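**Q** after the sequence you'll find the predicted model.
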2 protein chains.
Amino acid sequence: MASETGAVRVALLGCGTVGTEVVRLITEQADELAARVGARIELAGVAVRRPHRHPWLTENFPDLVTTDAGELVTRDDVDVVVEVIGGIEPVRGWLLEALKSGRSVVTANKALLAEDGPTLAEAADASGADLYYEAAVAGAIPLLRPLRESLAGDRITRVAGIVNGTSNFILSAMSSGGTSYADALEEATRLGYAEADPSADVDGYDAASKAAILASLAFHTRFTASDVHREGMRGVSSADVAAARRLGCTIKLLAICERVVATDGTESVSARVYPAMVPDSHPLAGVDGAYNAVFVEAEAAGQLMFYGQGAGGAPTASAVLGDLVAVARNRVGGGRGPRESAYASLPVRPIGEVPTRYHVDLEVADREGVLATIASEFARNGVSIAAVRQTGGVNGSVDRVDGSDRSQARLTVVTHSAPEAALSATVSALLDLDHVLGVAGVLRVEGLGRAVSALGMGE
Amino acid sequence: MASETGAVRVALLGCGTVGTEVVRLITEQADELAARVGARIELAGVAVRRPHRHPWLTENFPDLVTTDAGELVTRDDVDVVVEVIGGIEPVRGWLLEALKSGRSVVTANKALLAEDGPTLAEAADASGADLYYEAAVAGAIPLLRPLRESLAGDRITRVAGIVNGTSNFILSAMSSGGTSYADALEEATRLGYAEADPSADVDGYDAASKAAILASLAFHTRFTASDVHREGMRGVSSADVAAARRLGCTIKLLAICERVVATDGTESVSARVYPAMVPDSHPLAGVDGAYNAVFVEAEAAGQLMFYGQGAGGAPTASAVLGDLVAVARNRVGGGRGPRESAYASLPVRPIGEVPTRYHVDLEVADREGVLATIASEFARNGVSIAAVRQTGGVNGSVDRVDGSDRSQARLTVVTHSAPEAALSATVSALLDLDHVLGVAGVLRVEGLGRAVSALGMGE
């Protein structure tokens, strides 16, 4: 359905940082793209809501600009729709229209895909159009194509990593500079990494959307963002960062999707986003600033890592263009990209059943017998302790054994792997103890497989 | 052209470590593969030269075994040929036969692809068959598909990394354990990493084949292994390893392919394999044992890294299966994978013109004025010195300034970037100097971009 000129004609929706780069690449590298596709890629139109906010576009391509995206996506001279606006509505309607009419879609819209990807995929299937979205997860890093295609003959067991650059920038600043969360967020905003409303990044919504997309592809099951257990990083304090450092760890906001096989052989998938301590020896601990990195584990391939820029205009545009070339090649040569597949239909494992290790910081009365009382509370709830460290109290010394209650100490407990429900029950029970004055912090510790031993405690 | 049963039928050539895993995956994961492809994948036959050496195969699949690969590849019930034998002949003839008759080919044969890839690609193009070979480079790491597809809308400027696990295992052992080259090679052989004849690995032939494949895909130009400048790692001594450590570096056998733009705007490609010092702060320095890691730099995407197992039966089989699923999907759904493209036809840049930094270890007479003489020789050849360090002589102290010639010292020079030809001329000239007793070692220093500053010398 390439146009009469033989070119593949593209409708671009949105022209912010990413869209501008897309326009630049399509026009400046037209000859190279034509050589790769076997036909020229041409812009048929660019839809923006307020043209006066896009002086570069309106000056250089006045004939392409339109404010009517709905009309553009089904215009006769449009073969492919590229969407870089984001958000659910009104984008969903436009993309569905395009797909239903047989036009292929390339999108970077993680929120929409995580909320309603199956509807888009079904529309694409029904009309024989392509739906590609490499740019939706981890920016320029080729990650979705490897999951969908390179590992299509393998069984993926785990996908885990840092997929939100803004929160990683903030955590890196807190970790390296001793900056507070508020100051680090301010710097991220000043540098353009964080939005005016940083909630999508720091509350983990963005990472949860990406986790849903990754889990869907990796495990051939349809997951939405609401299937992902989500904890943001607002609660991470400078004290947590310091506690992590004492343990030889760094705090990272992780997205983790894993296939879990129960003892009776039934399989489920755990998809979750939360801040966790990662041993400094683990490669993810060294991923700083706005970079992303994702580990993929598969039965035959073993452990793979992908690393690169997870956001930004040019990197994201690179991923969009890669998809556009694939879609255009399919138009020219016939054929389609791989279908979405949901044949596995694995259930979501409740977070309460997901075992991880925990780091628990307790403020305790500096009295004899405290440790024994607390240790037995962990044991009673089935949580096995890997290591305990007691540090100087606020008023008293750690060696105070006179039984007075005027002083308090800090007790740091690192557990072996335990289900979240058991840990929660333990924490509740601890708070009821007279000796426990407060729980200063609870953070998961993710060894992510091989690096657990770096904690020097074994599993 | 799927068979009458609707299944996609596969002829497997070779059944060693990789082939055995391929058979296992195809048979054990038959249902999952069928769900991903949209048709069953079935083995039509397995060709081995000496069946009695494959008891597992002949016991479990007696009806599949044949010794006549030539007959198998064009049998009516074969849709796809998977080749995991290796070597040029007689494999080339079989694969050409298969491709000419419209059968798609999946191969892990880097030597054949690097020597004669274009002939295979032309045969595939002529008949409309697919030619996939992800497993030929970096084992399980999805690397070729990202280069061919994910980055198809970007301009790649550099591909550099560790692509030979055996040499990396040896260098890791020499570096971490102070082992000699001979002992490390012996251990690699004992563990099955190195062949009885280790030449392909330690002399860089294997890495050069992979570099030719990577350069061809990255720069849309046909390169063969003979276009790749190749230096092996047999010459790396324990003294070199120690010298690297003193400089905060690790020695790695690198494959580097880069696009070079001359001052007049003309472009060329440098493809080379050699051992080089890498700053410890660079991620490649930490890639140990039999692992592979490859950096890819593209104009829009920026810097990406891919990491994983570069060899081994199961990881390589994972890559083969990914390709097989893609080829099978194309059979079932119509369409073909992306074509090879050689439209850019960039020339190879001679190694003499390629600038790198060098680490030069000189044995010099411990006399006054030696440094000045040597420094002026570097300058006369246009090689700029970044740092010099003089260390204790064999017989004398570094502080000896009495002009006697009974003693000698070691002078370590690290240069700024200089063309190989200029460095070679410098070394020749130095050897003619009375003061210079010998050149103990010359090694390149690769900062690989961002990590150069880690040397603490700037560029």
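**A** Great, that's in hand. Numbering: from 1, shown residues only, chains lettered A, B, ... in the order given.

**Q** closest point of the stretch 101-250 of chain A to chain B, which residue?
**A** A:G153 (2.3 Å; C-beta to the nearest C-beta). For glycine as for every other residue, the C-beta is placed from the backbone atoms N, C-alpha and C.

**Q** tell me who's in contact with the residue nearest to that residue when sequence neighbours are not counted.
**A** Leaving out its chain neighbours, the residue that sits closest to A:G153 by C-beta to C-beta, 6 or more residues apart in numbering or on different chains is B:L321, at 2.3 Å. By C-beta atoms under 8 Å, 6 or more residues apart in numbering or on different chains, the contact list for B:L321 reads A:A152, A:G153, A:D154, A:A300, B:V22, B:L25, B:I26, B:L33.

**Q** can you say which helix or strand has B:L321 in it?
**A** helix B:313-333 (DSSP states H and E).

**Q** pLDDT value on the residue nearest to A:G153, please?
**A** pLDDT recorded at B:L321 is 97.

**Q** tell me where the stretch 101-250 of chain A has strands.
**A** Ranges of strands in the stretch 101-250 of chain A, per DSSP state E, counting those that start in this stretch, are A:104-107, A:131-132, A:156-162, A:229-230, A:249-261.

**Q** nearest to B:E420, out of the ones you listed?
**A** strand A:156-162 (39.1 Å; C-beta to C-beta).

**Q** contacts for that closest one?
**A** Outside strand A:156-162, the residues that touch it by C-beta under 8 Å, 6+ apart are A:138, A:147, A:168, A:214-215, A:218-219, A:252-259, A:284, A:287, A:291-299, A:306, A:310, A:446, A:448-449.

**Q** which of those are buried?
**A** The neighbour count (16 or more other C-beta atoms under 10 Å in any protein chain shown) marks A:138, A:147, A:168, A:214-215, A:218-219, A:252-259, A:284, A:287, A:291-298, A:306, A:310, A:446, A:448 as buried among these.

**Q** those residues also near chain B: which ones?
**A** For chain B, the contacts drawn from the buried ones among the contacts of strand A:156-162 by C-beta under 8 Å from any C-beta of the partner chain are A:A298, A:F306.

**Q** spatially central residue in chain A, please.
**A** Residue closest to the mean C-alpha point of chain A, counted by C-alpha atoms, centre = their mean, is A:A207 at 3.1 Å.

**Q** that one contacts A:A255, correct?
**A** Yes: here A:A207 lies in contact with A:A255, judged by C-beta atoms under 8 Å, at a distance of 4.7 Å.

**Q** what's the burial count for the closest residue to chain B within chain A?
**A** Using C-beta to the nearest C-beta, the single residue of chain A nearest to chain B is A:G335, 1.3 Å away. Other residues near A:G335 come to 16 when the count uses other C-beta atoms under 10 Å in any protein chain shown.

**Q** list the beta-bridge partners for it.
**A** Per DSSP bridges, the residues bridged to A:G335 are B:G335.

**Q** show me what from the stretch 251-400 of chain A comes close to chain B.
**A** Residues of the stretch 251-400 of chain A lying near chain B (C-beta under 8 Å from any C-beta): A:283, A:286, A:298-309, A:312, A:314-315, A:317-326, A:329-330, A:333-336, A:338-339, A:341, A:343-344.

**Q** any of those residues buried? List them.
**A** Using 16+ other C-beta under 10 Å, the buried ones in those are A:283, A:286, A:298, A:300-309, A:312, A:314-315, A:317-326, A:329-330, A:333, A:335-336, A:338-339, A:341.

**Q** quick one: A:G447 and A:H282 touch, right?
**A** Yes: applying C-beta under 8 Å as the test, A:G447 and A:H282 come out as touching, 7.3 Å apart.
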